[in-house]
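> make a model of this:
(chains A and B)
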Amino acid sequence: MLVNQSIETTFGVGSAEPELVQFNAMPLTADDFLIEKTLNGDEAAFESLLRKHHKRVFSIARRFFRSRETVEDIVQETFSKAFFSLASYRRGATFEQWLAKIAVNNCYDELRRRKKRSESLITDLSDDEEYWLESKLSQSAFDIHLSENEREIAAEISGKLLAGLSPEDRLVLTLLHAENNSIREIAHITGWSEAKVKIRAFRARHAMRKAFARLRKAEERKTVAIQGDKIK
Amino acid sequence: MKCRQAVRLMTYGRDAESAVLSNIQEHAASCPKCRREFATHSLFKSLLKEFPDAQNDQDAWEETRLINQVRARIRANKENGLMTWESAVISIRGWLFAFAAAAILLLALSGQLAFKQNQSGSAAPQNEDLISNNTLLNSPRDFTSDGADNAR
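Sure thing, here's the model as predicted:
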């Protein structure tokens, strides 16, 4: 338990907070101070933490789910869990990282729940999506820049691709390529070893390629069937 | 750089990008297969980044509503007695007592059993003595000696 008495600088909740407060030669961050106040029963301090970090939690949840209700639920659950686990939070890692870890674990749990219920429905690509994908692949570009229209199509294709992946694969790919985490950071967030993350990343990429090929094959089959009908 | 190495490094995202991205690109420029692979990889990355629904932009979330919802959830969890270690322990306290009682009972029984075995173990040599006495009496040597006596 932290001690408040020797905190050199004091600040009100929601006021301009200094980033670091010296505390017995150990740096006490503004977040640590708010956590301490929350642990002492100050709910307003927790609200300040929530105001400060909710965008990060939202951005994580949005990487995994598109439905507004689900994202909202994940965010609420993350802060609720954080509130009840605050006593276990140790200074050293940043509070945001700690919160991100809870959020990612919540997302992973939700993905697994959905997979068990087989909620993810894999649908074929539309003609527009297929055309867009082919054109992008034929460009063989290293850097892909998308226009507003293209972003919508890309989001749709992404949803269909990710629906075909296991929760583990989805987790690793999202953290690695969408959230831009390093292998070490992912290992820290998931609690897996770095070797496991590397293996999982490799397999996930393979699975994504397979899902990609499956989607394209389905589209090819559809085109062949349409041409067959026309010939008849 | 070999194709295999390039593909492996592509997989590891930021770790590879910061250190050897230029090397991979250099290799991919001269290798059509890796170029295709790298292009597909870039496309995957772009697709993954575009997954979030643009309409669910975090700025659109009402902060006050969120705070109220989180507060309500915390209150509900508190009322349900969930989420804390203390409450978890309290909720299974009955079971803990039952397990403790069962463990004590088992210990007592095993102790008693061990004691009985010890007792029977210490009694065993007496029986063995008896048996060995009997066997001495009924040993073939005795029989032959008896036979010899009878013969005499």
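> show me the helices in chain B, by range?
B:3-11, B:14-30, B:32-49, B:63-80, B:85-91, B:93-137, B:140-151 (DSSP state H).
> what's the least confident stretch among these?
Ranked by mean pLDDT, the helices of chain B end with helix B:140-151 at the bottom, a mean of 47.
> excluding sequence neighbours, find me the nearest residue to A:P167.
Computed as CB to CB, 6 or more residues apart in numbering or on different chains, the closest residue to A:P167 that is not its neighbour in sequence is A:L111, at 3.7 Å. All C-beta atoms are positioned from the backbone trio N, CA, C, and that covers glycine.
> mind pulling up the pLDDT for the most centrally placed residue in chain A?
Centroid-nearest residue in chain A, with CA atoms, centre = their mean: A:I60, separated by 3.3 Å. pLDDT, A:I60: 92.
> and the strand or helix carrying it, what does it pack onto?
In this structure, A:I60 sits in helix A:43-64 according to DSSP states H and E. Here helix A:43-64 touches helix A:30-39, helix A:68-85, helix A:95-116, helix B:63-80, going by 3 or more CB pairs under 8 Å, 6 or more residues apart in numbering or on different chains; DSSP states H and E.
> and for the closest residue to A:E110 other than its chain neighbours, the neighbour number?
Closest residue to A:E110 apart from its sequence neighbours, by CB to CB, 6+ apart: A:I74 at 6.5 Å. A:I74: 24 surrounding residues under other CB atoms under 10 Å in any protein chain shown.
> B:L107 now?
10.
> which phi and psi does A:S147 have?
When read as degrees, to the nearest 10, the backbone of A:S147 gives phi -80, psi 180.
> look up how far A:W132 lies from it.
According to CB to CB, to the nearest Å, A:S147 and A:W132 sit 11 Å apart.
> give me the pLDDT for A:T94.
pLDDT, A:T94: 85.
> got any ranges where chain A has weak pLDDT?
Along chain A, segments meeting pLDDT under 70 span A:1-27, A:92-93, A:117-123, A:140-143, A:216-232.
> helix, strand or coil for A:L28?
State at A:L28, reduced to three classes by DSSP: H, G, I helix; E, B strand; the rest coil: strand.
> distance of it from chain B?
According to CB to the nearest CB, to the nearest Å, A:L28 and chain B sit 25 Å apart.
> ok, what's across the strand from that residue?
Using DSSP bridges, the beta-bridge partners of A:L28 come out as A:V21.
> hang on, it packs against A:I35?
No. Contact criterion CB atoms under 8 Å: A:L28 and A:I35 do not qualify, at 9.8 Å.
> so who does A:I157 touch?
A:L125, A:E129, A:W132, A:L133, A:L215, B:L47 (CB atoms under 8 Å, 6 or more residues apart in numbering or on different chains).
> at 6 Å instead, please
By CB atoms under 6 Å, 6 or more residues apart in numbering or on different chains, the residues touching A:I157 are A:E129, B:L47.
> that one: helix or strand, and which one exactly?
helix A:148-163.
> ok, A:K196 - how many residues close by?
16.
> secondary structure element holding it?
Going by DSSP H and E, A:K196 is part of helix A:194-231.
> look up how far B:E79 lies from B:G94.
Distance from B:G94 to B:E79, by CB to CB: 20 Å.
> please read the previous query as pertaining to B:L105.
Distance, B:L105 to B:E79, by CB to CB: 37 Å.
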